[in-house]
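Undergrad: Need the 3D shape of this:
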Amino acid sequence: MNHTLHRSRRSFLKKSAASAFGFTFLPAYLTAARAADNPTLPPSRRINLGCIGVGGRAAGAIPSLTSDGHAVPVAFCDLDFQGSRKIEGNLQTWPDVRRFEDFRVMLDKMGKDIDAVSVVTPDHTHFVAAIHAMSLGKHVYVEKPLTHTFAEAEILMRAERKFKVVTQMGNQGHTSSGAAQFKQMAAAGLTADVHKIEAWKEPSLWFMQAEKRISAYPPEEKIPATFADWNLWCGPQAVTPFNSLYHPFGWRAFHRYGCGMFGDWGCHIIDFVHHYLNLGLPTAVSPVRLDDYNKIIFPQTSHIRFQFPARGPGSPAVELMWKAGADCHPLFDEKYADLQEDNSTKRPAMGEAGTLLHRQQGDYVIMRGHHGDASRIYPRKVMLEKWDAVKAPRPEYTHGTSFVQACLGNTTTTSPFSVSGELTQVLNLGMIAEYLNVELRFDPQTKRFIGNDEANFLLAGAKPRAEWAHYYTLA
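TA: I've put the predicted structure just below:
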């Protein structure tokens, strides 16, 4: 380990210990160290962002966080400032922002000038970047899924309580009129007695295409000259020889580094039902169909059944059936279809992704798409009867600006780690079922699998590499 990283690690441990004993850190936006070149807002009304990950999904996340002028990037961290996808936009918009290759060095050198950090990196490095920033008193915005493992999400939820910083996961639909509508519908009792949820996603990523399937790690290729440090990209996970299937985007297919379709779309599909129906953690997770199953990449098609326990009156046990890939669309019962003038019926188009909620009474179903899509009740005549509760309100902030405004003390976030952490854990459990391809029983109280040691090992996964191990002992 070089001298700079060693000093960064000492700084991380020292400052996180100070937070644990109740010391406070003066937010940089209250000091004169703020960037003084923004002519529209004074330093006391701006948030300085340290952006870990500048290309790929960050091409949208960083503009979202800065869109209302209350946040400005002061540091960029990326391992490939030339080869990362869609990175040019952010670099052209903020050409003078200081650049780093290692987030630990960035926070060590510029920590006093950074109020909040965005983490938009491959799934397997979300945790280490987030916990480092939180320990320094930085607010954190982490792209979905929150973490790569169940245990990492557990630590981040504890860290949120311990360090008392603002948090938000990047499931953008959770701050939308669609989310506000679903919350309103649940409060009005329209989601009462839901006992079955069908969730689906059409195939999209490369590993869901038959002709691109692999069952072994790809052969080593030459690392691009633009790439800074492959070992650093691998983070706490084992180092696999570089291949272009990993960088700049294909990593999501691999169990070692990504979270598959659960990580890519799960947070956008089941987040409303999980949060507002208070589903919590499941008691059983069962693979129903896994096409071309192997332990290198995620299945070509994945059908997984989750069983959630009853939560009280009007909240019976729920079966959630997740289908990603082939044969994913649920059957829409004709009794819920809309009656046309010629007495025929019309079923809705199911779309590429969504959820269909069934009530025990069988009087109507609730259907929605993904991200911030609004929910619809079928038959539509029932929706019209309940229009006051169905009409979608307009939120005050976007997902990105709500995080920034929460950092300024003006609001709260809708998907803090206390909400998004448990959602991510549900997805993590689904990933474990995809990896093992066995029926699993789970105890939500102990947060352990029942009678399966291998599954319990996977809650945390393999021991992190030595350079990163200290992050897993905090909070």
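Undergrad: residue ranges with poor pLDDT in this protein?
TA: Scanning the chain with the threshold set as pLDDT under 70 gives 1-44, 475.
Undergrad: tell me the domain ranges of this protein?
TA: 3-174+398-418+453-473, 177-390 (automatic domain parsing).
Undergrad: which of those domains is buried the deepest?
TA: domain 3-174+398-418+453-473 (a mean of 20; mean count of other CB atoms under 10 Å). For the C-beta atoms, the positions are set from N, CA and C on the backbone; glycine is no exception.
Undergrad: any idea how far that domain is from the chain center?
TA: Taking the mean of its C-alpha atoms, domain 3-174+398-418+453-473 sits 14 Å from the chain's own mean (CA atoms, centre = their mean, to the nearest Å).
Undergrad: mind exporting stretch 249-256 as PDB, just the C-alpha atoms?
TA: Output of stretch 249-256 as PDB, limited to C-alpha atoms (Å, rounded to 0.1, in the frame of the first residue of the first chain):
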ATOM      1  CA  PHE A 249     -20.600  -1.800 -18.300                       C
ATOM      2  CA  GLY A 250     -21.000  -5.600 -18.700                       C
ATOM      3  CA  TRP A 251     -20.000  -6.200 -15.000                       C
ATOM      4  CA  ARG A 252     -23.600  -6.300 -13.900                       C
ATOM      5  CA  ALA A 253     -23.900  -9.800 -15.400                       C
ATOM      6  CA  PHE A 254     -21.400 -11.400 -13.100                       C
ATOM      7  CA  HIS A 255     -22.200 -12.700  -9.600                       C
ATOM      8  CA  ARG A 256     -18.800 -11.500  -8.400                       C
END
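Undergrad: what does it rub up against?
TA: With CB atoms under 8 Å, 6 or more residues apart in numbering as the test, stretch 249-256 has contacts from 56, 85, 122-124, 205-207, 237-238, 240, 244-246, 257-260, 263-264, 295-298, 431, 435.
Undergrad: ditto for stretch 454-465
TA: 148-152, 234-239, 428, 432, 435-436, 438, 440, 447-449, 469, 471-472.
Undergrad: do the same with stretch 224-243
TA: 79-83, 101-102, 122, 124-125, 127-128, 148, 217-223, 246-247, 256-257, 462, 464-465, 468-469, 471-472.
Undergrad: Centre of the chain to that stretch, how far?
TA: That offset, for stretch 224-243, works out to 22 Å (CA atoms, centre = their mean).
Undergrad: can I have that stretch written out in CSV, keeping just the CAs?
TA: What follows is stretch 224-243 as a C-alpha-only set of coordinates in CSV (Å, rounded to 0.1, in the frame of the first residue of the first chain):
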residue,chain,number,x,y,z
PRO,A,224,-6.9,-0.2,-22.0
ALA,A,225,-4.3,2.5,-21.8
THR,A,226,-6.9,5.0,-20.5
PHE,A,227,-7.6,2.8,-17.4
ALA,A,228,-6.0,3.7,-14.2
ASP,A,229,-5.9,0.6,-11.9
TRP,A,230,-7.7,-2.7,-12.5
ASN,A,231,-7.0,-3.9,-8.9
LEU,A,232,-8.7,-0.8,-7.6
TRP,A,233,-11.7,-1.4,-9.8
CYS,A,234,-12.1,-4.9,-8.3
GLY,A,235,-12.2,-3.3,-4.8
PRO,A,236,-13.0,-5.7,-2.0
GLN,A,237,-13.8,-8.5,-4.4
ALA,A,238,-11.3,-11.1,-5.8
VAL,A,239,-9.3,-9.8,-8.7
THR,A,240,-10.4,-11.4,-12.0
PRO,A,241,-8.2,-10.8,-15.1
PHE,A,242,-9.4,-7.8,-17.1
ASN,A,243,-11.8,-8.4,-19.9
